[in-house]
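In: whatever this is, show me its structure:
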Amino acid sequence: MSILAAFCVLTITVTVFILWPFLRRRAESLPADNSFDVAVYKDQLNEIDQEIERGQISEAQASSIRLEIQKRLLKAHAMGTDGRTESQAGSRPFVIGLILLVPISAVLTYLALDHQGCQTIPTRNEQICSKLPMMQDR
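Out: The predicted structure is shown next:
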């Protein structure tokens, strides 16, 4: 097996292991939709009004808590049906492209350098054998 074939096998193996998490379907790990989150946040907003009526929190505290819950509610509405925002959904092809760019550019660079015209570096045995005739003349 040549060294080139070994490098190709290693490159393909590493690329597959790196790409595997991006190529898997994530449907089993993410909820189908975010309606549960929206319901929880709306319930929390209703509870804030009840706590004000009972005198457990002040109006200033209630307004800051409402603001935080409304931020979470807006974020839950912005989430898609698969639990990812639009920016996260668009980054997946970009990351896969970047990961594939490295081995593809390495192969293209190797092919562009005309690897057949390169001279090989002599091994240690070839260097020793080339010196043997000079040693025998002595």
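
In: which of the three states applies to residue 40?
Out: helix (DSSP: H, G, I helix; E, B strand; the rest coil).

In: what about it, neighbour count?
Out: 13 (other C-beta atoms under 10 Å). The way it works is simple: take the backbone N, C-alpha and C, and place the C-beta from them, glycine included.

In: relative to residue 57, how far out is it?
Out: 19 Å (C-beta to C-beta, to the nearest Å).

In: what about the helices in the protein?
Out: Remark: helices assigned in the chain by DSSP state H are 3-23, 35-54, 59-78, 86-112, 124-136.

In: as a markdown table, those with mean pLDDT would be great.
Out: Below are these laid out as a markdown table (pLDDT from 0 to 100):
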| stretch | mean pLDDT |
| --- | --- |
| helix 3-23 | 82 |
| helix 35-54 | 88 |
| helix 59-78 | 88 |
| helix 86-112 | 77 |
| helix 124-136 | 57 |
